[in-house]
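>>> sequence and predicted structure below; questions after.
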Amino acid sequence: MQVYINDPKVVSSLNREARAGRIALSQAAGQAIVRGLIKSPKADPEDRLLNLERSLRDHMRSTGRDMQIVQELLIEVAKAFFLRLPDIVADEDPTVQAAVDRRIERLLDATAARIVSGRRDDRHAAVAGEPPSFAAAN
């Protein structure tokens, strides 16, 4: 392979490097190119992108699995919460069951809307610097 270099500064630097390393000018040029390619993220875009894609796919798979678990747990907790307050015979009523399902849907919709809009609901913030476990219960 032949490489033509027109910049006198680059030629001078390569000549200095060849003399310092006591190697041929072509070897000095080859080493300089290798060093430049190793330091350049653009030099090997396929491997970098492929590794990034694999990492992202693995992360998405594990995050999706984790979020599915969290969602299932949240729905079960919400059902238990809405069914047990208060614990009466009417809890078995289909109308009450439908109301519970509707409340869960509204809870999920409101949560999704907050996530999409990027805001938090601070109405239930912790009381005067106390840890969240001691926040107001209403």
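Yep, it's here.
>>> buried residues in stretch 56-63?
By 16 or more other C-beta atoms under 10 Å, stretch 56-63 has no buried positions at all. Where C-beta positions appear, they are placed from N, C-alpha and C, glycine not excepted.
>>> and the contacts of that stretch?
Around stretch 56-63, nothing counts as a contact under C-beta atoms under 8 Å, 6 or more residues apart in numbering.
>>> could I have the CA atoms of that stretch written out in PDB?
Taking C-alpha atoms only, stretch 56-63 is exported to PDB below (Å, rounded to 0.1, in the frame of the first residue of the first chain):
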ATOM      1  CA  LEU A  56     -28.200  -2.000  25.200                       C
ATOM      2  CA  ARG A  57     -30.200  -5.100  24.200                       C
ATOM      3  CA  ASP A  58     -29.100  -7.000  27.400                       C
ATOM      4  CA  HIS A  59     -29.900  -4.000  29.500                       C
ATOM      5  CA  MET A  60     -33.300  -3.600  27.900                       C
ATOM      6  CA  ARG A  61     -34.100  -7.300  28.400                       C
ATOM      7  CA  SER A  62     -33.200  -7.200  32.100                       C
ATOM      8  CA  THR A  63     -34.900  -3.800  32.700                       C
END
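>>> and the residue nearest the centre of the protein?
Nearest to the mean C-alpha position of the chain, counting by C-alpha atoms, centre = their mean, stands H59 at 7.6 Å.
>>> give me the distance between that residue and A18.
Going from H59 to A18 by C-beta to C-beta, to the nearest Å gives 46 Å.
>>> what do you get for E72?
67 Å.
>>> need the strands for the protein, in chain order.
Assigned by DSSP state E, the chain shows no strands.
>>> lowest-pLDDT helix or strand in it?
One helix or strand of the chain scores below all others by mean pLDDT, DSSP states H and E: helix 25-39, with a mean of 83.
>>> list the buried residues in that helix.
Counting neighbours by 16+ other C-beta under 10 Å, helix 25-39 gives A28, A29 as buried.
>>> what is the neighbour count of D101?
13 (other C-beta atoms under 10 Å).
>>> the one 10 residues further on too?
Other residues within reach of T111 by the criterion other C-beta under 10 Å amount to 12.
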